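*Asks:* Need a 3D model of the sequence below.
(one chain, ligands or ions: 1)
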Amino acid sequence: MIYKKFNQAEFFNGKTNKTYEYNIEDNDINYCIVDIDGRFPSGEGIYALNKECKEMAHVLSGNGILVVEDKEYNLEKDDVVLIDKFEKYYWKGKMRLGLPCSPAWEPQQHIELEFKIVEENDREQFLNLVNHVLSNLDNKDYFIPYSNDEYDSMIYNKNYATIFGAYHKNKLVGVSVVIFDKKYMEEEKPLYDISSTNICELGGNLVLPEYRGLKIASFLQKLSIEYAIKKKFEYVIAMAHPDNIKGCKTLEGAGLNYLKTLKLQSGYLRNLYLLKL
Ligand SMILES: CC(C)(COP(=O)(O)OP(=O)(O)OC[C@H]1O[C@@H](n2cnc3c(N)ncnc32)[C@H](O)[C@@H]1OP(=O)(O)O)[C@@H](O)C(=O)NCCC(=O)NCCS
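*Replies:* Next up, the predicted model:
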């Protein structure tokens, strides 16, 4: 049995949060009180993620919102939420939360990731990530490399593609590319038996090996689909090698439907996926 009084003196002060620790010293569960004042983690596009623990929160006072990936939840006194590990989230408002975590929250299992469009100034980071992932593929057939011109078009040409990136401490750790170049799409669409010209493709799905399994690719796909909806595309297409389980699951998780498996002219075997928006 452990008994702890609220100790005003034991706290950690962040930009938009103040956290009071209870120091229960148990590995299975811990508890703290967090005062949120603004957006936490602070900074547009930044999400928190626990790699190991589930985080429950009970709104003790005040109100605000919790955003978990693409969904927003209004919070008021006495509401309770449970955030699973790997879910990306942020708080916003002015509220006091009672916050148990299981297993006990440890700083090394908690990271903050920034999700944003990759701009020209990150060209080198983008190309480094592509080269690093492609030279460490489990199977060379899992990714059909784009040409250098195509990578440059993705970065420089706003009519060609948009790259969504995940950053950890300003380092680009994952990308997903929405390609909508008209000429490129004209070549792709006969494979999918669609006549519409209003199509985009989800491609360039790449995450650094040390950041895999955190559902970064899954979230980047969600952002890509949201973007495709906003841009009013009629169809989203994508392809993955049938044995590339993670590649296929990422697309299926984003709502794309399996269409067929075929061998491309280039000799690559691919599952084709389609989503009508
Ligand atoms: C494919 C890739 C982008 C996935 O990145 P990631 O951030 O680790 O993927 P996620 O954590 O979002 O997981 C994606 C899905 O695969 C599943 N998954 C992850 N690891 C898995 C494993 N070892 N076995 C089976 N499924 C696995 C996840 O559960 C998730 O599915 P779910 O949403 O149904 O739960 C990454 O592995 C990569 O860069 N691979 C090399 C390049 C490549 O193959 N790109 C894809 C071309 S189509």
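
*Asks:* Tell me where this protein has helices.
*Replies:* Taking DSSP state H as the test, the helices found in the chain are 123-134, 148-156, 182-188, 216-230, 245-253.

*Asks:* average pLDDT for the shortest one?
*Replies:* The one in question is helix 182-188. Average pLDDT, helix 182-188: 88.

*Asks:* same check, this time on stretch 74-94
*Replies:* For stretch 74-94, the per-residue pLDDT averages 98.

*Asks:* Report the buried residues of that stretch.
*Replies:* 75, 81, 83, 85, 87-93 (16 or more other CB atoms under 10 Å). No exception for glycine: its C-beta is placed from N, CA and C like everyone else's.

*Asks:* and that stretch, how far out from the chain's middle?
*Replies:* Computed by CA atoms, centre = their mean, to the nearest Å, the chain-centroid distance of stretch 74-94 equals 17 Å.

*Asks:* which residues touch that stretch?
*Replies:* If you take CB atoms under 8 Å, 6 or more residues apart in numbering as the criterion, stretch 74-94 is touched by 17, 36-41, 46-69, 73, 95, 97, 113, 115, 214-215, 219.

*Asks:* Which of these fall within strands?
*Replies:* 17, 36-40, 46-50, 54-68, 73, 95, 97, 113, 115 (DSSP state E).

*Asks:* Next, the contact list for the residue of the stretch 51-200 of the chain found nearest the ligand, please.
*Replies:* As assessed by CB to the nearest ligand atom, the ligand sits closest to Tyr142 within the stretch 51-200 of the chain, at 4.0 Å. Counting by CB under 8 Å, 6+ apart, Tyr142 makes contact with 240-241, 243-244, 247.

*Asks:* Likewise for Leu277?
*Replies:* 228-229, 232-236.

*Asks:* quick one, what contacts the residue nearest the centre of the chain?
*Replies:* Geometric centre of the chain, nearest residue: Phe219, 2.9 Å, by CA atoms, centre = their mean. Phe219 makes contacts with 69, 88, 115, 166, as judged by CB under 8 Å, 6+ apart.

*Asks:* Tell me how many other residues surround the first one.
*Replies:* By the criterion of other CB atoms under 10 Å, Glu69 has 15 neighbours.

*Asks:* picking that back up, which two among the contacts of Phe219 are spaced furthest apart?
*Replies:* Greatest spatial distance among the contacts of Phe219 (CB to CB): Glu69 and Ala166, at 12.4 Å.

*Asks:* What residues does the stretch 101-250 of the chain have near the ligand?
*Replies:* Residues of the stretch 101-250 of the chain lying close to the ligand (CB under 6 Å from any ligand atom) are 133, 137, 142-143, 205-207, 212-218, 240, 244-247, 249-250.

*Asks:* is it true that Ile36 touches Met95?
*Replies:* Yes: applying CB atoms under 8 Å as the test, Ile36 and Met95 come out as touching, 5.3 Å apart.

*Asks:* so what sits against both of the two?
*Replies:* The contact sets of Ile36 and Met95 overlap at 62, 64 (CB under 8 Å, 6+ apart).

*Asks:* ok, and what's touching the lowest-mean-pLDDT helix or strand in the chain?
*Replies:* Least confident element among the helices and strands of the chain, by mean pLDDT, DSSP states H and E: strand 11-13 (a mean of 82). Contact with strand 11-13 is made by 18-21, as judged by CB under 8 Å, 6+ apart.

*Asks:* and which of these is nearest the ligand?
*Replies:* So of the contacts of strand 11-13, ranked by how close each gets to the ligand (CB to the nearest ligand atom), first place is Thr19, at 27.9 Å.

*Asks:* any idea how far that closest one is from Val81?
*Replies:* Distance of Thr19 to Val81, given as CB to CB, to the nearest Å: 17 Å.

*Asks:* same deal with Gly98?
*Replies:* 11 Å.

*Asks:* cool, and Val68?
*Replies:* Distance of Val68 to Val81, given as CB to CB: 8 Å.
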